[in-house]
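A.B. asks: Just need the structure, nothing else, for what follows:
(chains A, B and C)
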Amino acid sequence: MLSSTFCHIPGISEKTEQALWSSGVHSWSCPFPPTEVKLKQSTRNDWSHHIRESISHQENLTPKYFSDKLPSKELWRLYHDFQQVAAFLDIETTGLFGGDITTIALYDGVSIKHYVNGVNLHEFPNDIQNYRLLISYNGKSFDIPFIETYFNIRVPQAHIDLRYPLKSLGLQGGLKGVEKQLGINRDELNDVNGYDAVLLWNEYKKKGDKAVLDTLLAYNIQDTIVLHTLMVHTHNEKIKTTPFAKAYTLRKPELPQIPFKADFNIVRRVRMGSFGY
DNA sequence: TAGCATAGTCGGCTATCAAG
DNA sequence: CTTGATAGCCGACTATGCTA
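C.D. replies: Okay, the predicted model is just below:
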C-alpha cells in the first residue's frame, strides 16, 4: 500500500491521488504522471525526485519520512511496510495528569518487553530507540507526552495513534469501548480499567505482593496485544476503501501467551479498599 | 492574450474526545 | 482536573482551462 501512496508528495492531496489511481498510476514504478491528471507544474517537475526519495525510505525502513508528510488520517498505511521495526506501546501511571509511570509494556508482534518502576524502568529510554514506528491508542495525547516529560527525553519516532483511524471507521468510546464493539474478549481482564491499574500499583507498593504486580502487568501487556489486533483490523478496513485490498490484506495476528497471571479477585479487593466503589 | 471561472491545496479557527 | 489531534468549515491563494 505504501508504494501506491502519493498524497505525501507536495501538491498532491487525496483527491489528486484518487485521480492518479483512476488513470492507472498504481505504484511508484510510474516514471511520470499522465498529462490528463491535473498537477501543479512544480509537482510534475519534481515527480521523479519524490519517487526516488520515497523508494529509498521504504527500502531503508525509515517510516519517519512518510509520517512527517502524510495527512495523519492516512498514517495507517505505514504499518504493512514497517511491521519489522514497529512496536505497540502502552504505559500505566499513578494518575491522568502528572505523577509517576508505574509500568510500561512494549510488544513488537512477537516478543513482549515490560518495565517496572523501581526495577528496570530506566532501561526504557534506551530500548525504545530500537523501534522506528510506535503504535498506540491515544498515545499522541497521553503516552508519548507523558514519557517525554517523565524521562526528559524526545520520542521522535513515527507514530500511529489508532484512536483517529478507528474513529473514522465509526469505532469510538475509548479502547475498551472499541473492543466491546468488535467483540474482543479479555477473559479475566475484561472489566479492568486504567484506574484499577492505579489501585493495583498502590496496593503493590504498600504490601509488595507479587500477585498484585502480576495482575497489573498482565493488564498492561494485554493492552498492547489488543493494539496489534486493532492495527490489523484498521489496516484491513481502510484498505477496502482503496483499489488495493486484494494485494495487501493482512492475516489476523497470532496472540502470544501473556507471561503473567491476572487475578480478578485481586482487582475486586483493591477496589474495595478505595473509596468510589 | 486578457479576463474570468473553476478546482484543489493549505492555513487558521473551533468543538470534541481520549488517556491513568 | 490536561494535552494534543482530529474533522469540518471558511477564506486566501495558485494553477489551469475556457472564451472571446
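
A.B. asks: Quick one: residues contacting the residue of chain A found nearest DNA strand C.
C.D. replies: Going by Cβ to the nearest atom of the strand, DNA strand C is nearest to A:Ser72 of chain A, at 2.2 Å. Every C-beta, even on glycine, is put in place using the N, C-alpha and C of the backbone. A:Ser72 makes contacts with A:161, A:164, as judged by Cβ atoms under 8 Å, 6 or more residues apart in numbering.

A.B. asks: List the backbone torsions phi and psi for it.
C.D. replies: Backbone torsions of A:Ser72, given as degrees, to the nearest 10, read phi -60, psi -20.

A.B. asks: quick one: A:Asn265 from A:Ile184, how far?
C.D. replies: According to Cβ to Cβ, to the nearest Å, A:Asn265 stands 23 Å off from A:Ile184.

A.B. asks: Between those two, point out the one with more neighbours.
C.D. replies: Remark: of A:Asn265 and A:Ile184, A:Ile184 carries more neighbours, 15 against 9, as counted by other Cβ atoms under 10 Å.

A.B. asks: packing partners for the helix or strand where A:Lys180 lies?
C.D. replies: Using DSSP states H and E, A:Lys180 sits within helix A:174-182. Packing partners of helix A:174-182 (3 or more Cβ pairs under 8 Å, 6 or more residues apart in numbering; DSSP states H and E): helix A:210-239.

A.B. asks: what's near enough to touch A:Thr242?
C.D. replies: By Cβ under 8 Å, 6+ apart, the residues touching A:Thr242 are A:1, A:4, A:21.

A.B. asks: likewise A:Phe244?
C.D. replies: Applying Cβ under 8 Å, 6+ apart to A:Phe244 gives the contacts A:1, A:4, A:26.

A.B. asks: separation between the closest residue to A:Ile128 other than its chain neighbours and A:Pro256?
C.D. replies: Distance criterion Cβ to Cβ, 6 or more residues apart in numbering; nearest residue to A:Ile128, sequence neighbours excluded, is A:Val155 at 6.5 Å. According to Cβ to Cβ, A:Val155 stands 24 Å off from A:Pro256.

A.B. asks: Tell me which of those two has more neighbours.
C.D. replies: Each of A:Val155 and A:Pro256 has its neighbours counted (other Cβ under 10 Å); A:Val155 has more, 17 against 14.
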